[in-house]
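[1] this one's structure only:
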C-alpha cells in the first residue's frame, strides 16, 4: 500500500472505509486493515466527522440491536489516534461552499469539510465521484492497490 501521506498531518476517513472494514469486504478489507493498523499504532493520525457514527449506527438501530449500537459507539469513539470532529460553524460553512462548488450531497460535503478544516492531507473514500473536489486530495481504496 503506497500511502503518500506527509508525516504529522492527519488523514480523513469516510464512513464506507469503516463499513468495509467491519463487514470484512473481500476486496477492500485488506486495505482497510492496513490503514487502521497504521492509525492504531500511531503511524497515522485520523479524523472523521460524527456523520460517520450516525451512518454506522443506522443499521443497528433499524434492527433494534442496542448492543451493536453500544459496541460500535465504544469502539469508534475510543479508537487510538482517531478523532471524531463535531460539525461546528466552520465545517458548516466549508461544507456549504463545497456543496455549492461541486454539487455533492450534504453528508459528503460535511465529511470533506471536516477533512479540510482539520488540516488533513488526504480524504479516503471509495466514491470516485468525490475526486472532482480539489480542496483536499481525495483517494479511493483502489488508489492504495497501486
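    Ah, there it is. All of these numbers come straight from a predicted model, not from anything done at the bench.
[2] residues contacting residue 123?
    Neighbouring residues of residue 123 by Cβ atoms under 8 Å, 6 or more residues apart in numbering: 11-14, 111-112, 115, 130, 133, 136-139. No exception for glycine: its C-beta is placed from N, CA and C like everyone else's.
[3] let me know the closest of the residues you listed to residue 102.
    residue 133 (5.3 Å; Cβ to Cβ).
[4] residues near the spatially closest residue to residue 130 that is not a sequence neighbour, how many?
    Excluding the flanking residues, the one nearest residue 130 by Cβ to Cβ, 6 or more residues apart in numbering is residue 138, at 5.0 Å. Other residues within reach of residue 138, judged by other Cβ atoms under 10 Å, total 22.
[5] adjust the sequence numbering to begin at 759 for everything that follows.
    Sure, I'll start numbering at 759, so the last one becomes residue 896.
[6] I'd assumed residue 896 was in a strand, is it?
    Yes. Under DSSP: H, G, I helix; E, B strand; the rest coil, residue 896 falls within a strand.
[7] right, and it touches residue 879 too?
    No. Under the criterion of Cβ atoms under 8 Å, residue 896 makes no contact with residue 879, lying 11.3 Å away.
[8] show me where the protein has helices.
    773-780, 787-798, 808-820, 824-836, 847-860, 864-875 (DSSP state H).
[9] now for the first one, which elements pack on it?
    Contact analysis of helix 773-780 by 3 or more Cβ pairs under 8 Å, 6 or more residues apart in numbering; DSSP states H and E lists helix 787-798, helix 808-820, strand 880-883 as its packing neighbours.
[10] would you mind giving the contacts of residue 881 as TSV with pLDDT and distance to residue 804 added?
    Below are the contacts of residue 881 laid out as TSV (pLDDT from 0 to 100; distance: Cβ to Cβ, whole Å):
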residue	pLDDT	distance to residue 804
769	95	5
770	97	7
771	97	5
772	97	11
869	98	12
870	98	15
873	97	10
888	97	17
891	97	18
894	95	14
895	93	15
896	95	15
897	94	13
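[11] noted, bye for now.
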